[in-house]
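Peer 1: following is a predicted model, sequence given first.
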Amino acid sequence: MATRSRLFKAGSQNTWSVVSWRNAGVFSVTLVALLAGVYLLGNVESNVETRYGRRREGKSVNGSGVLAGLFERAGHQVISRATLSPAMERAQTIVWIPDDFAPPTRLQSEFLEKWLSSGADRTVIYVGRDFDAGPEYWEKIEPRVDPALLPETRRRWAQAQAAYDYERVGAADKVEAQWFTTQRSVAQGKTGALAGPWTEGLELEKTAIVVGHNLLPESSGDRYRVEQLLSVDEKPFITRLQAPHWPDSQVILISNGSFLLNLPLVNSEHRKLAGRLVSQCQQGLCVFLETGPGGPGIDNRESRTPGLTGFEVLTVWPISPIVIHLVALGLLACFLMFPIFGNPRTLAEEDASDFGEHVQALGDLLYRVNDKTHARRQINAYRKMVHGESAPEFESTSEVAGGPDDAYQEGQATVSESSARSGSTAAEMALEQAQQAVQTAQRAGYNLDFTIQSLQTVDKIIREIGNSKTVISTASDQVFQLGCYAGETMRRFHGGDWHHPDESDLYRMIGPYMLVVVSSVAAVKESRPQILNPIGKALNMLENDSAGTLVSYHEMVQRSNTSESNTTRPL
């Protein structure tokens, strides 16, 4: 019946599992769509992100993420840094779009020139600050907004333009740097006539390059070789600098980012120009230098090679597609495991009267302990207590310190092979256990000679075992052997025989251990024996300090022998 019940439960669970997996797919897709909608609604922002020159600011109209994507599609490995350090030696290209109207300092320029001269085919791209895509964004969306929102759109354009003008006014009219001189114009404006080798193939009327501050390259002397790649109204807009001490390396100066930032790259002609810029760079590691006012710091102590940091590791091949699939599977597993789909169901109640459930529960507990030795000891202890069987002992885990008790514990851990053999009687098993106790006690320095006086020594050993740190199963095994010794000693003193509890209902009522029946054969046949339980007494002493001693137990048996009562009396 128990087996049939467990099979029925397993079958019900399997049926429910099939139904759950079938319905969970529909609900998981619904939940994914719902969460995606909530995410999109939560990310509708009232203000436009305008943080300048940051590669990882994907929402910013002034970001450089789209340009970084062009480099990645051209085969470059792209990372971001905020300082100049010897770690840059592995880089092939440095793209610097500073959020600062001031030009590079002398120390920063010298660091970059040293970097250019230490390798071949290296490129530094420097982009001036004199552009902001925030006002341009509000201008572009004005024709598309609802008339009711037109005043608000114009107000935000005015805010963005005023914020940019405030920063631009603070810039110096003319600043000389190592590579160029900045020349400030009164106001920004759209491009006039574009010229230069990079205009080939462009539809010039569709470009929207803005002209403001000009970066006039340093052309005095023979230090740099200057090449204008794109000019506006005969003023340089994109310039290439090369020097004899830079082996095939170059600096490309760009007056502003009006064709390189995220919003301007919506224009297809701007993307053509950006593509030509990317094609000038040798494939390899491309570092986007993200800096604010003052530019990047210089850390000469840093010597480690630049590499991917943080979550950037998850964005490179072949890790990126693996991570995407793992995330998708993880989300699906969460939807399947945690939410409850459909109507609640009532679980079947466990039957406490099913003995098979108790056996299964005990097995589960022993399995969770994850200790085979402990499990076997528990099973051996049960067999000895109930059936009088014994099995090979396991290594003792006693941690008792000092004295003869240590030797006793050690001796008990090396008890020889079990005496429980097929066909053995209770007397043979009890005698073998008693002899093992004698041998172990001798190795520990105790003398057990089967005399009544030796019961005092047995009491002492049991007390020492109880006060030690021996695990319960090991201590029970030791005390079981000492109980057999005490029973054998009293049997020899009073006379009698060993009996197994399964021999009669009377013995089973007294206890689960082997018993000593003290009486003559005739008395046993008349059902008037005196029954001793020395093993149970010894185990009670281990568990309870107030359970008395084996010496007092023997004295009680002796007094009982002299009494006039002739009824059966279990002791």
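Peer 2: Received the coordinates, thanks.
Peer 1: next secondary structure element downstream of the helix or strand where Glu428 lies?
Peer 2: Glu428 is part of helix 426-443, with elements assigned from DSSP states H and E. Counting by DSSP H and E, the next helix or strand C-terminal to helix 426-443 is helix 454-467.
Peer 1: if we can go back for a sec, now do the buried residues in the helix holding Glu428.
Peer 2: By neighbour count with 16 or more other C-beta atoms under 10 Å, helix 426-443 contains the buried residues 426-427, 429-441. (Each C-beta comes from the backbone N, C-alpha and C, glycine too.)
Peer 1: what does stretch 510-520 give?
Peer 2: Neighbour counts over stretch 510-520 (16+ other C-beta under 10 Å) mark 510-519 as buried.
Peer 1: which two of the buried residues of helix 426-443 have the greatest separation?
Peer 2: Across the buried residues of helix 426-443, the longest distance by C-beta to C-beta is 22.4 Å; it joins Ala426 and Ala441.
Peer 1: next up, phi/psi of the residue nearest to Thr199 when sequence neighbours are not counted, please.
Peer 2: Counting by C-beta to C-beta, 6 or more residues apart in numbering, the nearest residue to Thr199 once its immediate chain neighbours are dropped is Leu230, at 6.6 Å. Main-chain torsions, Leu230, degrees, to the nearest 10: phi -150, psi 130.
Peer 1: isn't Leu230 right up against Leu204?
Peer 2: No. Assessed by C-beta atoms under 8 Å, Leu230 is found out of contact with Leu204, at 10.7 Å.
Peer 1: list residues touching both of these two?
Peer 2: When C-beta atoms under 8 Å, 6 or more residues apart in numbering defines a contact, the residues bordering Leu230 and Leu204 alike are Leu194.
Peer 1: so for the two, which residue has more residues nearby?
Peer 2: More neighbours surround Leu230 than the other of Leu230 and Leu204, with 23 against 12 (other C-beta atoms under 10 Å).
Peer 1: what about the helices in the stretch 301-450 of the chain?
Peer 2: Counting by DSSP state H, counting those that start in this stretch, one finds helices in the stretch 301-450 of the chain at the ranges 319-337, 355-369, 372-387, 404-412, 426-443.
Peer 1: for Asn256, which of the ones you listed is the nearest?
Peer 2: Comparing the helices of the stretch 301-450 of the chain by C-beta to C-beta, helix 319-337 comes nearest, at 33.0 Å.
Peer 1: tell me the average confidence for the closest one?
Peer 2: Mean pLDDT, computed over helix 319-337, is 83.
Peer 1: so Thr181 sits in a strand?
Peer 2: Yes. Per DSSP: H, G, I helix; E, B strand; the rest coil, Thr181 lies within a strand segment.
Peer 1: who does it bridge with?
Peer 2: When bridges are called by DSSP bridges, Thr181 pairs up with Glu176, Leu216.
Peer 1: could you pull up phi and psi at Arg240?
Peer 2: Main-chain torsions, Arg240, degrees, to the nearest 10: phi -110, psi 130.
Peer 1: any idea what it is bridged to?
Peer 2: Beta-bridge pairing for Arg240 (DSSP bridges): Glu227, Ile252.
Peer 1: do a quick rundown of the strands in the stretch 1-150 of the chain.
Peer 2: Secondary structure of the stretch 1-150 of the chain (DSSP state E, counting those that start in this stretch): strands at 77-81, 83-84, 91-96, 123-127.
Peer 1: off-centre distance for the last one?
Peer 2: In terms of C-alpha atoms, centre = their mean, to the nearest Å, the centre of strand 123-127 is set 41 Å apart from its chain centre.
Peer 1: could I get the buried residue list for that strand?
Peer 2: Buried-residue list, strand 123-127, by 16+ other C-beta under 10 Å: 123-127.
Peer 1: show me what that strand pairs with in its sheet, parallel or antiparallel.
Peer 2: The pairing partners recorded for strand 123-127 under DSSP bridges are strand 91-96 (parallel), strand 250-254 (parallel).
Peer 1: nearest to Gly466, out of the ones you listed?
Peer 2: Per C-beta to C-beta, nearest to Gly466 of those: strand 91-96, 73.7 Å.
Peer 1: tilt between the closest one and strand 77-81?
Peer 2: Angle of strand 91-96 versus strand 77-81, following axes from the mean of the first three to the mean of the last three C-alpha atoms, to 10 degrees, is 50 degrees.
Peer 1: so Ala68 makes contact with Gly53?
Peer 2: No. Here Ala68 does not reach Gly53: they are 11.1 Å apart, not a contact under C-beta under 8 Å.
Peer 1: more neighbours: the two, which one.
Peer 2: Gly53 (25 against 19).
Peer 1: that one - nearest residue in space that isn't next to it in sequence?
Peer 2: Nearest to Gly53 is Ile97, by C-beta to C-beta, 6+ apart, at 3.9 Å.
Peer 1: could you do Asp100 as well?
Peer 2: Pro293 (4.9 Å).
Peer 1: didn't the one you found look like it was pressed against Gly53?
Peer 2: No. Proximity of Pro293 to Gly53 does not meet the contact threshold set by C-beta under 8 Å, at 11.9 Å.
Peer 1: I'd assumed Pro143 was in contact with Leu150.
Peer 2: No. Leu150 is not in contact with Pro143 according to C-beta under 8 Å; the separation is 9.7 Å.
Peer 1: which one of the two has more residues nearby?
Peer 2: Neighbours were counted for Leu150 and for Pro143 using other C-beta under 10 Å; Leu150 has more, 12 against 8.
Peer 1: contacts only, for the more buried one.
Peer 2: Leu150 touches Glu142, counting by C-beta under 8 Å, 6+ apart.
Peer 1: what of Phe259?
Peer 2: Counting by C-beta under 8 Å, 6+ apart, Phe259 has contacts 207-209, 265, 267, 270, 273-274.
Peer 1: the same query, at a cut-off of 7 Å, please.
Peer 2: For Phe259, the contact set (C-beta atoms under 7 Å, 6 or more residues apart in numbering) comprises 209, 270, 273-274.
Peer 1: so which of the residues you listed comes closest to Ala162?
Peer 2: Distances from Ala162 to the contacts of Phe259, taken as C-beta to C-beta, are shortest for Ile209 (23.1 Å).
Peer 1: so the closest one sits against Ser258, correct?
Peer 2: Yes. At 5.0 Å, Ile209 counts as touching Ser258 under the criterion of C-beta atoms under 7 Å.
Peer 1: more neighbours: which of these two?
Peer 2: Taking other C-beta under 10 Å, Ile209 and Ser258 do not tie; Ser258 has more neighbours (28 against 23).
Peer 1: can I assume that one sits in a strand?
Peer 2: No. Counting by three-state DSSP, Ser258 is not found in a strand; it is coil.
Peer 1: just give the nearest non-adjacent residue to it, would you?
Peer 2: Closest to Ser258 by C-beta to C-beta, 6+ apart is Val210, at 4.1 Å.
Peer 1: so what pLDDT did Gln478 get?
Peer 2: Confidence at Gln478, expressed as pLDDT, is 84.
Peer 1: how many residues are close by it?
Peer 2: 27.
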